[in-house]
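# Just to be clear, the model below is a prediction. Sequence and coordinates:
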Amino acid sequence: MNKSLDNIKLLQGNEACVQGALLAGVRFFAGYPITPSSEIAEGMAYYLPKLGGKFVQMEDEIASMAAIIGASIGGLKSLTATSGPGFTLKQENLGYAIINEIPCVIVNAQRGGPSTGLPTKPAQGDMMQARWGTHGDHSIIALAPSTVDEVFWLTIKAVNFSEKYRTPVILLLDEVIAHMREKVIIPEPEEIEIINRKKPTVPPEEYLPFKPDQDGIPPMANFGEGYRYHFTGLIHNQKGFPTSNPQEIDWHLRHIYNKIKQNAKNITLYQRHFLDDAKIALIAYGSVARAAERVVKLAREQGIKTGLLKLLTIWPFPEEELSRLANQVELMLVPEMNLGQIVLEVERVVRGKCQVISYNRVDGELINPEEILLKIQEEIEK
Amino acid sequence: MKNLIDRYIRKEMFPHIWCPGCGNGVVLGAIIRAIDDLKWDKNRIAMVSGIGCSSRITGYVDFCTMNTTHGRAIPFATGLKMAKPDMQVIVVMGDGDCSAIGGNHFIHAARRNLNLTAIIINNMIYGMTGGQFSPLTPTHRIGTTAPYGNIDQSFDLVKLAMAAGASYVARSTVYHIRQSISLIKKALNKKGFSVVEIISSCPISYGRLNKIRTPVDMMNWLKDIAVSSKAWENLSPQQREEKLIIGEFLDVDKPDYCALYTQLLEKAREEEVR
Ligand SMILES: Cc1ncc(C[n+]2csc(CCOP(=O)(O)OP(=O)(O)O)c2C)c(N)n1
Ligand code: SF4
């Protein structure tokens, strides 16, 4: 690629998120300061108005989540960024976005928890909260980059997925990825695929705002553009009005659940490293995947056929790829900066076809390659 | 009226959920009359509500409507207004919705002088959940969670809105319907954050618990407790305890959030990228 020097940037993860969001077309941000995500709000406050976009510092994270939903309904691609305690506060309105199929992106730069936890240390403790944090059955998309360059690209993906599938998308960073600096090559705008929400093709009097097309996704009219209709957090029918009809209720819940499932193939992103002949597979994501990549090299130097499946999409969970891999490898090792969250999903998918073990660290320190390698050696000797 | 119903009401949503004698429908009528007088384009009107009996209002009107989460109507409306500054965004809330769970958002929208009209239907109780006391239940009154009488002080929303920075603040009741319509109209025409509190009747919860049992009794009660600021001057402190002032309290012109944001955008465009 022939890039001018101007396009090569040394960016912090949070800055890369801002640049990705702006290029993806985000024009509204609402947020409340919290470490380690605040640089995203600061970047948005600076850049958005230059592009005619809007930044509002709200009174809390509940309001921020509400505001991005309102702005998205008004037609602006919208994003908010937060961390642990703020992510918890966003959950109720996240549910509102899910039930009303509102495109928006929530960045959670994970820090140690629960509660105020470890504000300046990395963790991966919110993986299950991202999946199930808001009450009730639902689906969600969550992505987890492990390099600054991936933060940039996955932010664009997150915005695109949210628009394409009419859903909130969660971008899970951690304190390390959010604050570290790495090289990012910023592409020209025309090199980036931008997806905009489907608009209705029927006149307003025929528009059913929650009636999906063949692809499972209902076209979305922005408010103020001639289509008058209703949003409610109550279970609703395809017109958008509350319903107590069991058939309509059942349909609605299954619809918001299945629309992501039905499109999972196009949403689940992952990278395979040296898996073709591997007998041991590391399953890792976020900053831990960086250590895992190194482990693959170290282990292979010792003749241990190890590979890495790096998860970029966490939800929907990449079941197909893992299931395939379980037929090939003897051992899966899942290192995580939590007490074992994604390993539960791995076990569920693998169904005993291979051995699954976890390696966990929750002391606020990164997992280093040597300790993972040691764990592998221990397992081999058993 | 028939005409107004045809023009503004989603008839497929009827019958509505409100009890006989409920003031919510009266406020609905006042709002659509005010809007009809202003001759606004329905496509450019958004109505946003929270959760409660009163908040169901958004389901019944043929505008761009959002029935959001409990207490959060204002921040949802904030995002919409920023995205579509040329839409008229009206927020309708119950007293609990606005002053308890949503109190912080109310204060901050007023502080920003954000271009929204907030209409609070104050029935002095949590209607939808069955009559628990709210921050606007007067002291000594009964709620299902204040069976011995409410010991809390109640908020004065008017003073709160004024202190927090609103541009227009008024109060009326569902008995004083003509006044309500004209106050709502003025509020809708106001540029910054405008607030109209309408004291409403909830015979089922507030009335039943506080022995104002029938809808007619409730109307008489409203007529009785509401006084003009002039009449207020002549009341003794004791007499004042049971009364509420109605009318206009504040109408000032000061920079509104949307105008300030337009200036900010110009400034941001002119400045060099750092
Ligand atoms: C987060 C949350 N907490 C509590 C409730 C339950 N709830 C529904 S309506 C309501 C109070 C309604 O009272 P008010 O706002 O005064 O409106 P009214 O029903 O009297 O019109 C409550 C507490 C809820 N829906 N959401
Ligand atoms: S409970 Fe009260 S506020 Fe609710 S609909 Fe009935 S009368 Fe109206």
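Cool, got the structure. Ligands and ions are numbered 1, 2, ... in the order given.

# Before we move on, what's the pLDDT of the closest residue in space to B:Phe193 that isn't next to it in sequence?
Computed as C-beta to C-beta, 6 or more residues apart in numbering or on different chains, the closest residue to B:Phe193 that is not its neighbour in sequence is B:Ala166, at 4.5 Å. Quick note: C-beta positions are derived from backbone N, CA and C, even for glycine. B:Ala166 carries a pLDDT value of 98.

# In chain A, where's the longest strand?
Ordering each strand of chain A by length in residues (DSSP state E) puts strand A:104-112 first.

# how far is that one from where the chain is centred?
Chain-centre distance of strand A:104-112: 8 Å, with C-alpha atoms, centre = their mean, to the nearest Å.

# quick check: mean pLDDT across that strand?
Averaging pLDDT along strand A:104-112 yields 98.

# That strand near chain B at all?
No: interface with chain B: strand A:104-112 contributes nothing (C-beta under 8 Å from any C-beta of the partner chain), its closest point being 9.5 Å away.

# where's the closest residue in space to B:Thr214 that isn't next to it in sequence relative to B:Cys53, distance?
Distances taken as C-beta to C-beta, 6+ apart put B:Pro203 closest to B:Thr214, at 6.4 Å, once the chain neighbours are dropped. B:Pro203 sits 12 Å away from B:Cys53, going by C-beta to C-beta, to the nearest Å.

# any common contacting residues for those two?
Residues touching both B:Pro203 and B:Cys53 (C-beta atoms under 8 Å, 6 or more residues apart in numbering or on different chains): B:Cys22.

# what are the ranges of the helices in the stretch 151-300 of chain A?
Ranges of helices in the stretch 151-300 of chain A, per DSSP state H, counting those that start in this stretch, are A:175-179, A:246-262, A:264-267, A:286-301.

# so where do the strands sit in chain B?
Using DSSP E, strands in chain B cover B:45-49, B:64-67, B:88-94, B:117-122, B:168-173, B:194-199, B:226-227, B:244-245, B:247-251.

# Does the residue nearest to B:Thr214 touch B:Met218 like I think?
Yes: the criterion here is C-beta atoms under 8 Å, and B:Pro203 meets it with B:Met218 at 5.3 Å.

# Show me which residues of the stretch 101-250 of chain B sit near ligand 1.
Residues of the stretch 101-250 of chain B lying close to ligand 1 by C-beta under 6 Å from any ligand atom are B:Asn123, B:Ile125, B:Tyr126, B:Gly127, B:Met128, B:Thr129, B:Ser134.

# Buried only: go through those for me.
Buried members of those, scored by 16 or more other C-beta atoms under 10 Å in any protein chain shown, are B:Asn123, B:Ile125, B:Tyr126, B:Gly127, B:Met128, B:Ser134.

# Now tabulate the strands of chain B in CSV and tack on distance to A:Phe210.
Converted to CSV, the strands of chain B look like this (distance: least, C-beta to C-beta, whole Å):
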stretch, distance to A:Phe210
strand B:45-49, 18
strand B:64-67, 14
strand B:88-94, 23
strand B:117-122, 27
strand B:168-173, 36
strand B:194-199, 32
strand B:226-227, 43
strand B:244-245, 42
strand B:247-251, 41
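
# mind putting those strands in JSON lines, mean neighbour count included?
Below are those laid out as JSON lines (neighbours: other C-beta atoms under 10 Å in any protein chain shown):
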{"stretch": "strand B:45-49", "mean neighbour count": "27"}
{"stretch": "strand B:64-67", "mean neighbour count": "28"}
{"stretch": "strand B:88-94", "mean neighbour count": "30"}
{"stretch": "strand B:117-122", "mean neighbour count": "28"}
{"stretch": "strand B:168-173", "mean neighbour count": "26"}
{"stretch": "strand B:194-199", "mean neighbour count": "28"}
{"stretch": "strand B:226-227", "mean neighbour count": "20"}
{"stretch": "strand B:244-245", "mean neighbour count": "18"}
{"stretch": "strand B:247-251", "mean neighbour count": "16"}
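
# A:Pro209 is nearest to which of those strands?
For the strands of chain B, proximity to A:Pro209 was assessed by C-beta to C-beta; strand B:64-67 is nearest, at 10.9 Å.

# Name every strand pairing with that closest one and say which way it goes.
In the sheet, strand B:64-67 lines up against strand A:230-232 (parallel), strand B:45-49 (parallel) (DSSP bridges).

# And ligand 1, is that strand touching that?
No: judged by C-beta under 6 Å from any ligand atom, strand B:64-67 and ligand 1 are separated, with a smallest distance of 11.1 Å.

# Next: stretch B:26-45.
No: under the criterion of C-beta under 6 Å from any ligand atom, stretch B:26-45 makes no contact with ligand 1; the nearest approach is 10.1 Å.

# got the contact list for that stretch?
For stretch B:26-45, contacts defined as C-beta under 8 Å, 6+ apart pick out A:224-226, A:228, B:4, B:7-9, B:54, B:57, B:60-64, B:86-88, B:90, B:92, B:119, B:121, B:174, B:177, B:180-182, B:184-185, B:188-189, B:198, B:200-201.

# Same question for stretch A:333-345.
Residues from elsewhere that reach stretch A:333-345 (C-beta under 8 Å, 6+ apart): A:122-125, A:127-128, A:174, A:280-288, A:291-292, A:311, A:314, A:317, A:346, A:356-362, A:366-367, A:372, A:375-376, A:379.

# Using PDB, list the CA coordinates for that stretch.
C-alpha atoms of stretch A:333-345 as PDB (Å, rounded to 0.1, in the frame of the first residue of the first chain):
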ATOM      1  CA  LEU A 333      -6.600 -23.100  26.800                       C
ATOM      2  CA  VAL A 334      -8.600 -20.000  27.500                       C
ATOM      3  CA  PRO A 335      -6.500 -17.300  29.200                       C
ATOM      4  CA  GLU A 336      -8.600 -14.400  30.500                       C
ATOM      5  CA  MET A 337      -8.300 -11.400  32.800                       C
ATOM      6  CA  ASN A 338     -11.400 -12.600  34.700                       C
ATOM      7  CA  LEU A 339     -12.200 -15.700  36.700                       C
ATOM      8  CA  GLY A 340     -13.400 -17.600  33.700                       C
ATOM      9  CA  GLN A 341     -16.200 -16.100  31.600                       C
ATOM     10  CA  ILE A 342     -15.600 -16.900  27.900                       C
ATOM     11  CA  VAL A 343     -14.300 -20.300  28.900                       C
ATOM     12  CA  LEU A 344     -17.800 -21.200  29.900                       C
ATOM     13  CA  GLU A 345     -19.000 -20.500  26.300                       C
END
